[in-house]
Each structure stands twice: as structure tokens, then as C-alpha cells.
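Undergrad: Okay, sequence plus prediction incoming.
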Amino acid sequence: PMYRNMQRAAILFLTTFAFTASTWAYESVKSYQENPSSLKVLVFLSKNCPCSRSHVDHLNGLSQKYPNIAFYGVITDFFDKDSEPEIKAYFDSQNFKFPLIKDSEQMLVKKYGALKTPFSVIVQNQSSQEQVLYEGGVSDDHDFPSSTKHYLEENLAALAQGKDPIYKVGKSLGCYIRRF
């Protein structure tokens, strides 16, 4: 009986831990809109895009290097009952250091004209007015390790020094975002 109780306790603990560890919530578009940060970065991402995947480590590093800037990943994949577990598993496995938005209505994709992944936008909020400071690629190559220009990083560095962004627009190289 004591062994059985220990076994039940262990199963209960593991089941609870496994459930908790896999519980993962998406941010809403509304939570992004209501975030009061003066600077925000949106990066449009897809689990199916190798270009998007090659930039993950760099984006995580930027979000930690600039903690005063609100970073958000925008998931551009089509969600349905069959695809959602795969999408969730992929984004969960990448250990993103910033919130991910499930943009299932493509509100942000349309608002910012995101065409390919990864596509980034730097938004400045001043007096309840939103101004896009930069839109375009994260880097100048679809494969981040091969890139020579890091548009997003260079712009964030300039902004951190109180300067204007170096680039207003950067070419986005990657996988097309499917419209639905």
C-alpha cells in the first residue's frame, strides 16, 4: 500500500508538472495594442519558414540586449485544429524570450503590410500616436549567419543612443506569408 501511494503521488506529480510545463499561452493582439512601451518591435514569424527559423537566436539576443523595448513575435501560420498542436510545439521548442502573438485574423499582418517572414517593424508610441520607424527584414540575408547587414539590430542600436534609425525600410527576404 505504501509503495502504491508513492507511485500514485509520483504519477500525480509528473502529470501535473507535464501539464504545467506544456501549458503555453499566446499573447493577444489587444495585449500588444495596450502595451504602454514607447518602443515596440514586431517580428513576423512562421514555423514553416527556414528563413524565419535561422533568425530566432539573433532575435532572442536582441530582446535581451534591449529590455526597455517591447518585443513581440507575430505567428503568421494558419491555425486550425490539425495545425495548432504542431505550431505550438515548434514555437514552444524555440524558447522565445519574448511574447508571441497568435494573429489568427491577420490584423497585424495587414496593418503593417508584412509580406514575408521574418519581417520586422519598429513602432514608436508618442502621445497615443503610433509611428512606424522601420519596416522590413531583420537582416540582408534569408539565412541569418550569412548576413552582412543587420537592419533591425543597427536601428535598435541607433535608437538606444538617442539617434534616428539608420534604415527606414529594409528588404525582407524569406517565405511569403499566406493570406487567408
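TA: That came through, no problem. What you see is a predicted model; the values in this text were computed from it and never measured. Numbering: from 1, shown residues only.
Undergrad: nearest spatial neighbour of the residue nearest the centre of the chain, skipping sequence neighbours?
TA: Centroid check for the chain by C-alpha atoms, centre = their mean gives residue 73 as the closest residue, at 1.5 Å. Closest residue to residue 73 apart from its sequence neighbours, by C-beta to C-beta, 6 or more residues apart in numbering: residue 100 at 4.4 Å. The C-beta positions use only the backbone N, C-alpha and C, and glycine is treated the same way.
Undergrad: so that neighbour touches residue 29, yeah?
TA: No. Counting by C-beta atoms under 8 Å, residue 100 stays clear of residue 29, with 11.7 Å between them.
Undergrad: For the residue nearest to residue 73, which residues are in contact?
TA: Taking C-beta atoms under 8 Å, 6 or more residues apart in numbering, we find residue 100 in contact with 26-27, 45, 72-75, 91.
Undergrad: Can you flag which of those residues belong to helices?
TA: Residues of those located in helices (DSSP state H): residue 91.
Undergrad: Top of the contacts of residue 100 by number of neighbours, please.
TA: Tallying neighbours with other C-beta atoms under 10 Å puts residue 45 at the head of the contacts of residue 100, with 30 neighbours.
Undergrad: Closest one of the contacts of residue 100 to residue 112?
TA: Within the contacts of residue 100, proximity to residue 112 (C-beta to C-beta) peaks at residue 74, which comes in at 8.7 Å.
Undergrad: Residue 89 versus the closest one, what's the distance?
TA: For residue 74, the distance to residue 89 equals 18 Å [C-beta to C-beta, to the nearest Å].
Undergrad: Filter the contacts of residue 100 down to the ones in strands?
TA: 45, 72-75 (DSSP state E).
Undergrad: from those, which is closest to residue 122?
TA: Closest approach between those and residue 122, by C-beta to C-beta: residue 72, at 11.5 Å.
Undergrad: Run a quick check on that closest one versus residue 45, I expect a contact.
TA: No. In this structure residue 72 lies outside contact range of residue 45 using C-beta under 8 Å: 10.1 Å.
Undergrad: What is the burial count for residue 173?
TA: Residues lying near residue 173 (other C-beta under 10 Å) number 19.
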